[in-house]
Each structure stands twice: as structure tokens, then as C-alpha cells.
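# when you get a sec, could you give me coordinates for this:
(2 chains)
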Amino acid sequence: METTTLTLLIFLLVLAAFLGQEIFSKTPVSAQISLLSSANAVSGIGVLGAVLTAGLAENAGNNDLAALLGGVALALALVNTAAGYLGAGGWLDQFRNKQDK
Amino acid sequence: MGFSTLIHIVYVLSAVAFIIGFKMTRQVETAQRGHLISGIGMAVAILVTLLDRHVARLDYILLGLLAGTTVGVALIRKMPQEVSFASIALLNAFGAAALWLVTYAQFHARPAGQGFTGGLALCVSAVGGMVAFSGALTAWAFLTGRIKTGQFSIFKKWRLLYLGCFAVITLAGLVFAWDVVAPEAARYFALFTLAGTVLGVALVLPDNLSRLPATVVLLHSYSAAAACAAGFFLQNALMVVAGALVCSGCVALRQNMNQSAGNESA
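Next up, the predicted model:
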């Protein structure tokens, strides 16, 4: 890994860590679960890693396994992200109510 | 202006969307809109990642997108209406398992060129993903009543077990990162994965029901740390930012929850 890239990424890490601490501290009790479900959906950012892995080119024979694992990871990560956002937003509620009737 | 500039611009906007989304979810009135903004940021980030120069094929990606969305929508329709800690823990287990798989696949595909820092990032990502996965599954089993809590309080040496797991993970991780391309590196990878699994289950088992929500939040910070570390070996800035945001945020949220729980009991 290049030193410049590494330094910049560490920069981002430190700044984002302080910002996250700032945003999440002193959360009112009523908003805790809603904030947590939002945090869960955002930590589904692993989807990006899964896309990059599932798109790995085939070479030297063993990359095909890596891409396949990436595809499985993408499916798993999307379950988290899709269900996280849809459930937390409550957009499926109407649909669900119609089904119950 | 190539695709890579476009990707970076969109990533910055996505990061802003996440931050605004978090701020809005803090208030009950704006929570729903906050989720929408954050979700749009996520969707755009996923779409634009398809243009990355490392994405050479789309077959597995399309299959994964289709399967993941179908299962995700089916799962959310089965879940209770109200968002609960149990459902969040279950979803987090899926995300954490995905992170571990990504880490293993990347280790399998191109261990060369990662170097010591890349090796450390691989280790943190694999361990964080595995701890969060096994821990979140255990917490979900507790919260949904599949296992009874409190029956594990006979065992008194939890702290010793944590220390042991931590020592194994640190040692195996350092040896692993020292020479990622060595033929025995896969064995160290398996070793710290195993220690991570044990640690995840052991973190949750001694808890009682009232303390479980705070533990679910703690496990979240581990999976976010894994996502952040994965951002280092994939050199993806948005993963680093979102991972770090959620990781430190969950640590703060957990302190907050422990404090308010302390106030209630006092």
C-alpha cells in the first residue's frame, strides 16, 4: 500500500471517528433504537467491498473462487442493507397491512 | 474526467447523506426522512461502485444483488412491525458474515501486494466480522427466547477467556501480517477466525436480558470496525468513513445506554 494513500485513509478514519462520537453521544432514549437501526443499515457499507470482490477478474485460476465468495457476500450484505433500510423506514408497512387484510 | 473522479465525488455526497441521515434519525419527527436520505446515499454508492475499474465481471454481482434483495425483502415482511433489538442483531449477523467472506476472498485472491499494513487490515476485518457474526447470532437467540439467559453464570472465568482469545488473535494476527504470502498464512487466518468466533459467543453468554441491548450495540461497533478495516485493504474511502463513523458512534451510544440504565436503577 502506498504511504500517501495509507496516510489519507488514516486521516479519514480519525476525523470520521470523532464525528461519529459527536453525533451519537447524548442520544435521547426514545431515539436510541431508531439511531441504531440507521447505524446498522449504514454499516451495510460492506456491500461495496462485496461488489468489488464479486467483480474480481478471472486470472491464475483461483480468482474464480474469490469472485464466487464475493457474490455470496454481496447477497448476505444486501439482506442487511435492504432489510435494514426498508424496515427502519417503515415503507413496507402499508404493503404489509394490505396483505394482512 | 474518468469514472474514478465520478466515483469519488459520489462517495463524498454519500458520506454527507449518511451524516445528515444520522442527525435526522436522532429526532423522532424527522427519523423516517433521515432513513430515506441515508438510503439514497447507500443506493447511489452501490451503483457507482459498479463502475470501479476493479469490477471486471458482472455475473456474480447481478446474482448477488437479486438474491440479497429478494431475501432481504422477504425477511423484513416476516419480521414484527416494530424495529427491535432482536431483528437488528439478526441483520447485523448477515452483514458481519458478508464482511468475513469478503476478507477471506480478498486474502485468497491476492495476498501479495498487501504488505504488513494490508495484512493487519485483513486480520482486523476478519476478526471483527467473525466476533460480530457469532455474537449477534447468540444475542438474537437470547432475545427471541431460543436460549434462556442466566444459565451461564456458573462459569466465573469470562475475563480470563476474553484475555486468552485476545492474546491468540493478537499473536496470530501479527505473525499473519508479517508474511501474508507465506504458505502457512492460511492457518493463522483460520486460527484468529476461530478465536474470534469463540470471543463473540463468550461476550454475549454471561449477559442478562436487560444488558443485552447494550451488547448488541457493542457488537455493531465491531462489525463497523471490520468494514473500516476492509476499506483499508480495498482502498475504498467511503468504507473507511462509514465504518469509522458507525464504530465510534456505537461506542458512544453504548456508554449513553449504560448511563441511562444506571440512572433508571438508581
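# nearest to chain B: which residue in chain A?
A:Leu78 (2.6 Å; Cβ to the nearest Cβ). Placement of C-beta: from N, CA and C, glycine included.
# residues contacting that residue?
Counting by Cβ atoms under 8 Å, 6 or more residues apart in numbering or on different chains, A:Leu78 touches A:44, A:47, B:64-65, B:67-69, B:72.
# kindly recompute the last result at 7 Å.
A:47, B:64-65, B:68-69, B:72 (Cβ atoms under 7 Å, 6 or more residues apart in numbering or on different chains).
# sort out which residues of the helix or strand encompassing it are buried, please.
Assigned by DSSP states H and E, A:Leu78 falls within helix A:63-89. Across helix A:63-89, burial judged by 16 or more other Cβ atoms under 10 Å in any protein chain shown covers A:63-64, A:66-89.
# contacts only, for the most centrally placed residue in chain A.
Nearest to the mean C-alpha position of chain A, counting by Cα atoms, centre = their mean, stands A:Gly44 at 1.4 Å. A:Gly44 sits next to A:77, A:80-81, A:84, B:42, B:95 when contact means Cβ under 7 Å, 6+ apart.
# okay, those residues in a markdown table with pLDDT next?
Output for those, formatted as a markdown table (pLDDT from 0 to 100):
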| residue | pLDDT |
| --- | --- |
| A:Ala77 | 92 |
| A:Asn80 | 90 |
| A:Thr81 | 89 |
| A:Gly84 | 83 |
| B:Met42 | 93 |
| B:Gly95 | 93 |
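# need the CA coordinates for the helix or strand where A:Leu35 lies. CSV is fine.
If you go by DSSP H and E, A:Leu35 is part of helix A:32-42. The C-alpha atoms that make up helix A:32-42 are tabulated as CSV, following Å, rounded to 0.1, in the frame of the first residue of the first chain:
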residue,chain,number,x,y,z
GLN,A,32,-31.7,5.1,20.6
ILE,A,33,-33.2,2.2,18.7
SER,A,34,-34.0,4.2,15.6
LEU,A,35,-30.4,5.6,15.5
LEU,A,36,-29.1,2.0,16.0
SER,A,37,-31.1,0.7,13.1
SER,A,38,-29.9,3.5,10.9
ALA,A,39,-26.3,2.7,12.0
ASN,A,40,-26.9,-0.9,11.2
ALA,A,41,-28.1,0.0,7.7
VAL,A,42,-25.1,2.3,7.1
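# can you spell out which helices and strands pack onto the helix or strand just after it?
Next in sequence after helix A:32-42, counting helices and strands by DSSP H and E, comes helix A:46-54. Applying 3 or more Cβ pairs under 7 Å, 6 or more residues apart in numbering or on different chains; DSSP states H and E, one finds that helix A:46-54 contacts helix A:63-89, helix B:31-49, helix B:59-78, helix B:85-109, helix B:212-234, helix B:237-265.
# quick check: buried residues in the longest one?
Buried residues in helix B:237-265, counted by 16+ other Cβ under 10 Å: B:237-254, B:256-257.
# counting contacts, what elements does it pack onto?
Against helix B:237-265 (3+ Cβ pairs under 7 Å, 6+ apart) you get helix A:3-24, helix A:32-42, helix A:46-54, helix B:3-25, helix B:212-234.
# before we move on, the earlier item: quick check: angle from the helix holding A:Leu78 to helix B:59-78?
Orientation note: helix A:63-89 sits at an angle of 30 degrees relative to helix B:59-78 (axes from the mean of the first three to the mean of the last three Cα atoms, to 10 degrees).
# need the contacts of A:Gly44 in CSV (columns: distance to B:Leu58).
Conversion of the contacts of A:Gly44 to CSV gives the following (distance: Cβ to Cβ, whole Å):
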residue, distance to B:Leu58
A:Ala77, 17
A:Asn80, 22
A:Thr81, 19
A:Gly84, 24
B:Met42, 20
B:Gly95, 22
